Each structure stands twice: as C-alpha cells, then as structure tokens.
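A.B. asks: Fold the following.
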Amino acid sequence: MSPVSLRKILNKKELPSLLHNLVYQLNIAIDVELVDGTKLLSIGKQTNENRYPIEMSGEIIGWVVGPEQATLVASLLSLLVKQEAEKKVLAIELLERYQEIDLFDDISTQLATSLDTRQIAQLVLQELSRLIESSAGMILLLSQDAAAFEIIAEFGEFFNDSHPEPGKGIIGNIVQSNRAELINDVQTDPRLEAKKNVSAMICVPLRAKERVLGAIAIGTSKTESYKAEHLKLVSIFASQTAIAIDKALLYEQSTKAAVQAQTQTKKLQKALHELQLAQTQLIQSEKMSSLGQLIAGVAHEINNPVNFICGNLRYVAEYAQNLLHLLENYQKFLPIVPPELELELDNIDLEFIMQDLPKLLDSMKLGTGRIVEIVQSLKNFSRHDEAEMKAVNIHDGIDGTLMILHHRLKADIHRPAIEIVKDYAKLPLIECYPGQLNQVFMNILANAIDALEETMNNAPHLLVPPSPHSPLATPQITIRTKVIDRQWAVILIADNGPGMKEEVIHRIYDPFFTTKDIGKGTGLGMAISYQIVVDKHGGILKCRSQPGEGTEFWIQIPLNCAVVAPTEEENYTSASPTAATILPHIPDADGFIPSTIPMLKPTDLLTRHTHLIQRLSQHNPSVETASPDEIYQMFQRHPISLKLYATLLSWFYYSNPT
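C.D. replies: Residues are numbered from 1 along each chain as shown. Predicted coordinates for the structure are as follows:
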C-alpha cells in the first residue's frame with residue numbers, strides 16, 4: 001500500500017482549480033483514476049483512451065486518461081505525489097528524532113542521578129531490551145590494567161561457559177579496535193572462538209575521555225535482525241552510559257581517596273600523639289634520672305655522717321652522765337671549794353651546765369632522728385634503684401612526699417601554715433612503680449600548695465584571723481585513701497583553694513599547658529602524671545573542681561598493676577583499656593571529669609621543634625654550615641636535645657619507629 005493517498009492530494013483546496021486551468025489551456029479533456037479504475041476527477045468530455053501513469057518511487061499509484069498532452073498532467077501529479085511522500089517521510093523522521101531526544105533525555109536524567117556503576121548498567125540494558133529486539137545483553141568493564149573484563153550487568157545468555165577476554169573473540173577484538181560493529185551472522189564471523197547463544201549482535205565500545213572503559217553488547221537468536229538505525233541507537237546509549245560510568249568511577253575513586261586520606265590523617269594524628277608522648281617521656285626520664293641520682297647521692301652523703309653522729313650520741317650521753325655523776329661525788333667529798341676553783345666555777349656556771357647538758361643531748365638526738373627521717377623520705381621518693389615493679393605501702397610514698405614538701409607547708413610571714421588532713425584506710429601492699437607514683441603525688445600536692453599560696457597572696461585580708469566559715473579560714477589539703485571492689489586502690493587529694501573552670505580541667509593534661517606565670521611552671525607535671533597513672537599502671541586519673549570551691553584529684557590504680565599494666569611497647573600504641581572506657585569531658589555521678597589523652601597540635605609540635613634547633617644554634621652559631629658529624633657532636637653535648645630530635649625524625653620517616 002502506498003504511503004501517499006492520491007485521493008487526498010486531489011482533494012486539496014487549490015489543486016482542482018489548478019488542473020482545470022491547465023486542461024483548459026491545453027484544450028484537452030482528462031480523467032484521473034486509481035490503479036483499480038476508480039475515477040477520482042474528470043475534466044471535459046473524454047474521447048481518448050490513452051493512459052499515462054502517475055508514479056511514486058517507481059510504483060504506479062494512478063492514471064491520467066487523455067490525449068498525448070495529458071502526459072504533462074501525469075508528470076505534474078507524479079511530482080506532487082513525490083513531494084508529499086518526502087514530507088511524510090520527513091515528518092516520520094522528525095517524530096522519531098523527537099522520541100529519541102525525549103527518550104535519551106529521560107535516560108540521561110536517570111543516569112545522572114545514579115553514582116553506582118551496576119545500577120547504571122542495569123538501567124541501560126532494561127531500556128535497550130525494551131527498544132530493540134534482543135534475547136541477551138551485557139555491559140562489561142575493563143580492569144585498570146586492561147587485562148580482564150568484568151560483567152557489571154546482563155540479561156539472557158550470551159555465552160554458555162566462556163567469558164569474553166580483551167583482544168580475544170568478537171567482543172575482545174571490537175573493544176581493542178575501539179570501533180562499533182553490527183554482525184548479523186555471528187556463526188560465520190572468523191573471530192568467533194566460543195559458541196554463542198546469539199546469531200546476530202551489536203557491540204559498541206564504551207569510550208570516555210579518549211579511553212575505552214569497556215563495551216555494551218546485545219544479541220538475538222535470529223540472523224539478519226539488526227539494521228543501521230539499531231547500531232546508531234546502541235551507540236547513543238553507549239556514549240551516555242560511558243559518561244555516567246566514568247562519573248561513577250571517578251566518584252568511587254574520590255570516595256576511596258577520601259577514606260584513605262582520612263585513614264592517613266588518623267595515622268598522622270596517632271603518630272603526632274605518640275611523638276608528643278615520647279617527647280614528654282624523654283623529658284620525664286631525663287628529669288627523673290637526674291633528680292633520682294641527685295637525691296640518692298645527697299641522701300647517701302648525708303646518711304654516712306648522720307649515722308656516725310647517731311652512733312656516737314649514745315656514748316656521748318653515757319660519758320656526760322658519768323662525768324656529771326663524778327662531779328656530784330666530788331662536791332659531796334669536797335664541800336669547800338678552793339678560792340681559785342670557785343672563781344672558775346662561777347665563770348662557767350656549772351649548775352646551769354649540769355642542768356642543760358642532758359637536755360642538749362636529747363635535742364641533738366631528736367634532730368638527728370629528724371635528719372634520718374628526711375633521708376629515708378628522700379630515698380623512698382627517688383626510688384632510683386627500683387626500675388621494676390615491687391609491692392609497697394602507698395602511704396609511705398605519700399608521707400615521704402609530704403616530708404619533702406614540709407618546708408612549703410610551714411607558716412611564714414606571708415601566710416599561715418597549710419594543714420594536712422589524713423584519712424588513711426587500711427591498704428594492702430600494692431604492686432606498682434613506687435618512684436613514679438611518688439612523682440604523681442609530688443606533682444598534685446605541689447600544684448595544690450601553689451594554688452593555696454596564690455590565693456593567700458591575692459587575698460591578704462584573710463591573714464588576720466579569718467571568719468571560721470570562710471573556705472580559706474585554714475588553708476588545707478585533705479588526703480584520703482580507700483579500696484574499691486577489692487581490686488582498686490584510690491587516693492583522693494583535695495584542697496580548699498580557688499578551684500578551676502571546666503575548660504581548664506579539660507586541658508591540664510596537655511603537655512606544655514600551664515596556668516602559672518612564666519618561669520613558674522613547665523606544663524609537664526600533669527601530662528607526666530597522666531602517663532604514669534593511666535598508661536603505665538592501667539589506672540584512672542580524674543578531677544573535679546569549681547571556681548571558689550577547691551579542687552580534688554582521684555587517683556585509682558589496680559592493687560596488682562603487673563596484671564593490667566601495658567608493656568612499654570604497648571604504651572606507644574594504645575591507651576589503657578580501663579581509661580579507654582571512660583567518656584572524655586563528661587563528668588561522672590560524683591562530678592569528676594576523666595582525664596583525656598593529651599594531644600599537641602601540629603603547630604605546637606613544630607614550634608617545640610623550632611625551639612629545639614634554635615637552642616642548639618645558640619650554643620653553636622655555625623650550626624647552619626656544620627657537617628653532620630659536627631652537628632652530632634653538638635647534640636652529644638646536649639643529650640636531651642639529641643634524644644628529642646632523634647625521636648622526632650624517627651616518627652616522620654619510619655613506619656615502625658623504635
């Protein structure tokens with residue numbers, strides 16, 4: 001059936017009058033008929049039987065009956081039919097293009113909203129199977145090294161058991177050539193390697209940014225099923241799919257890169273934290289080593305003469321008693337004193353000497369006993385010869401620390417004495433590092449004394465007899481101990497000083513953070529205390545304080561630290577399990593804020609590093625032009641700088657520093 005109706009053409013408004021004028025000018029009569037003889041138009045009285053065809057694309061769709069001049073009418077009608085047919089084809093093509101544009105706009109919108117490669121591929125195959133007759137289809141992606149294909153979406157069965165490989169078979173060769181192909185007889189294709197379940201197929205590479213991502217292929221069991229327009233349609237789908245998949249792959253890569261960057265950031269933060277801990281530990285080690293050696297040496301040097309004095313005082317007392325007894329006997333047997341001797345006795349006041357000498361010897365015994373106690377306290381505090389854990393009485397360590405700080409507790413012209421209130425529970429011997437715990441007690445007690453002194457200096461009106469209800473009527477430090485659950489020993493140290501704000505409590509464990517004036521504090525005391533209690537002993541350190549209400553520290557350590565304390569190597573890689581279970585910055589039921597892992601900002605650490613180099617250059621102005629050996633010699637003269645610098649470099653350049 002012709003796509004153009006001759007009847008509709010002749011029914012057009014202007015054509016009949018045009019034909020009447022033409023026939024009148026030619027002075028002829030014509031009839032226009034369909035192929036089957038149906039008469040559509042008659043002009044004049046027909047006397048001729050000649051028939052001239054009206055053709056369209058070689059096909060006769062009607063006749064013009066008339067004399068020879070009627071051929072002009074037949075040619076005119078053939079031309080009109082041809083134009084009408086072309087208009088109709090063009091309209092159909094425009095409609096198809098509009099449908100394609102609408103279709104691809106919809107597909108593009110759906111593809112743009114997805115960032116999952118498999119979801120994109122499945123959506124494309126669904127649309128293709130709906131538009132093009134097909135029994136199987138698949139979308140493949142090339143691996144990064146272009147050595148293998150990955151099927152990310154498929155329907156039907158393209159192959160029985162085989163799998164497409166780059167450079168092999170029909171699909172592999174098409175991808176390698178980077179050129180789309182339509183094959184209407186697959187079984188006769190020389191590139192066929194494995195048996196396929198399709199007889200005709202279309203395969204189009206997925207290209208994005210001048211590189212091939214993979215391929216899209218559809219097939220059917222019928223030969224000669226596909227035409228050029230099908231190949232064009234699949235090619236358009238392939239271009240849209242390649243763009244969407246490329247975007248999805250970039251998103252996946254950026255996501256992985258973000259995860260890797262986040263992981264690397266955590267590693268760097270961990271390394272920074274561990275470097276900062278190593279720095280404070282080095283400073284602590286150097287400080288405690290020097291302090292321990294000094295105290296142990298001083299105690300040893302004092303101990304020898306004190307022992308000599310203590311050992312001889314007993315004999316001195318006996319000799320004095322014997323001499324006084326002998327003198328009394330002389331007085332009995334020689335009651336009359338010669339004049340020369342009487343004058344001498346008056347000059348030396350013998351009676352006073354006889355009364356005061358025993359008292360003097362007793363006071364010397366008390367003084368030497370006090371020196372012995374101080375020496376023992378110094379030895380207990382330093383524990384220089386005790387690097388391993390041992391079972392000790394915690395109360396002895398606290399009392400020894402108070403003995404060393406006794407000079408700061410006494411009253412002076414600026415303030416009254418600081419009262420120490422002890423509430424000791426019965427504690428068993430505790431397996432711990434006693435020297436390090438003594439350092440914790442020293443840090444916390446010294447800070448409490450500093451706070452009380454600062455308040456007294458800033459409030460001199462409290463030095464006149466203060467009100468008994470005033471919190472600082474008597475500056476006071478309270479020390480309490482107790483046992484919890486038969487597993488933990490708790491030491492609470494509280495003062496009635498000025499207290500701290502919560503934001504200060506959160507930072508007191510940060511290395512180099514201090515609220516004291518310049519030159520009065522290093523900011524390392526509480527950071528070192530944190531490491532000793534939490535990392536070294538697997539314990540808990542927390543604090544509660546309010547401005548004007550004093551400060552209290554809670555020190556909790558296991559009765560047997562050897563069971564739960566991490567090894568030295570673990571100290572660098574993880575915090576203690578006990579401490580890790582405490583939520584930072586959240587006060588507990590008693591109002592205590594747990595200690596948090598002290599951290600240095602990168603800028604702080606680099607500042608310390610800069611200061612370290614500057615300090616070295618002050619001693620050696622030529623450090624910039626010095627050779628490595630000369631720099632090492634400079635460091636050798638300042639061991640703590642060498643240790644810090646070596647640790648700093650090891651954390652930046654080695655994944656497993658030692």
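A.B. asks: Quick one: low-confidence residue ranges for the stretch 501-650 of the chain.
C.D. replies: Within the stretch 501-650 of the chain, the segments meeting pLDDT under 70 span 511-513, 516-524, 562-585, 596-650.
A.B. asks: Which helix or strand in this structure has the lowest average pLDDT?
C.D. replies: Least confident helix or strand of the chain, by mean pLDDT, DSSP states H and E, is helix 577-580 with a mean of 36.
A.B. asks: Just name whatever secondary elements the helix or strand following that helix is in contact with.
C.D. replies: Proceeding C-terminally, helix 577-580 gives way to strand 593-594 as the next helix or strand, assigned by DSSP states H and E. Judged by 3 or more CB pairs under 8 Å, 6 or more residues apart in numbering; DSSP states H and E, the packing partners of strand 593-594 are strand 540-545. Quick note: C-beta positions are derived from backbone N, CA and C, even for glycine.
A.B. asks: strands paired with the strand it packs on, and their directions?
C.D. replies: strand 551-558 (antiparallel), strand 593-594 (antiparallel) (DSSP bridges).
A.B. asks: Could you pick out the longest helix of the chain?
C.D. replies: Criterion DSSP state H: the longest helix present in the chain is helix 228-333.
A.B. asks: and whichever helix or strand comes after that one, which residues are buried?
C.D. replies: With elements assigned by DSSP H and E, the helix or strand that comes after helix 228-333 is helix 339-348. In terms of neighbour count (16 or more other CB atoms under 10 Å), helix 339-348 has no buried residues at all.
A.B. asks: Check what contacts helix 339-348 and list those residues.
C.D. replies: Contacts to helix 339-348, defined as CB atoms under 8 Å, 6 or more residues apart in numbering, come from residues Val337.
A.B. asks: Could you check the angle the helix or strand just after it makes with helix 228-333?
C.D. replies: Next helix or strand after helix 339-348 toward the C-terminus (DSSP H and E): helix 350-382. Interaxial angle, helix 350-382 versus helix 228-333 (axes from the mean of the first three to the mean of the last three CA atoms, to 10 degrees): 160 degrees.
A.B. asks: Helix 350-382 packs against which elements?
C.D. replies: Applying 3+ CB pairs under 8 Å, 6+ apart, one finds that helix 350-382 contacts helix 228-333, helix 394-404, helix 434-458.
A.B. asks: Can you lay out these as JSON lines showing mean pLDDT?
C.D. replies: As requested, these are exported to JSON lines (pLDDT from 0 to 100):
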{"stretch": "helix 228-333", "mean pLDDT": "77"}
{"stretch": "helix 394-404", "mean pLDDT": "87"}
{"stretch": "helix 434-458", "mean pLDDT": "85"}
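A.B. asks: Make a markdown table from the ones you listed and add mean neighbour count to it.
C.D. replies: Shown next, in a markdown table, are those (neighbours: other CB atoms under 10 Å):
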| stretch | mean neighbour count |
| --- | --- |
| helix 228-333 | 15 |
| helix 394-404 | 20 |
| helix 434-458 | 21 |
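A.B. asks: so which of those helices comes closest to Val483?
C.D. replies: helix 394-404 (10.8 Å; CB to CB).
A.B. asks: what packs against whichever helix or strand comes after the closest one?
C.D. replies: For helix 394-404, the following helix or strand on the C-terminal side (DSSP H and E) is helix 406-409. Judged by 3+ CB pairs under 8 Å, 6+ apart, the packing partners of helix 406-409 are helix 434-458.
A.B. asks: Check the offset of the helix it packs on from the chain's centre.
C.D. replies: 36 Å (CA atoms, centre = their mean, to the nearest Å).
A.B. asks: How about stretch 444-459?
C.D. replies: 39 Å.
A.B. asks: hmm, back to that, closest to Tyr424 out of the strands paired with strand 540-545?
C.D. replies: strand 551-558 (14.0 Å).
A.B. asks: ok, and what's touching that closest one?
C.D. replies: For strand 551-558, the external contacting residues (CB under 8 Å, 6+ apart) are 430, 432, 437, 440, 444, 448, 451, 484, 487-495, 497, 499-500, 533, 537-545, 564-565, 592.
A.B. asks: Could you tell me the angle between it and helix 394-404?
C.D. replies: Counting by the same axes, to 10 degrees, strand 551-558 lies at 140 degrees to helix 394-404.
A.B. asks: buried stuff in strand 551-558?
C.D. replies: Result for strand 551-558 [16+ other CB under 10 Å]: buried residues Thr551, Glu552, Phe553, Trp554, Ile555, Gln556, Ile557, Pro558.
A.B. asks: how close does the first one get to Leu427?
C.D. replies: Going back to what we said before, that points to Thr551. Applying CB to CB, to the nearest Å, the value for Thr551 to Leu427 is 23 Å.
A.B. asks: now do Leu206
C.D. replies: As defined by CB to CB, Leu206 lies at a distance of 75 Å from Leu427.
A.B. asks: Kind regards, and thank you for your time.
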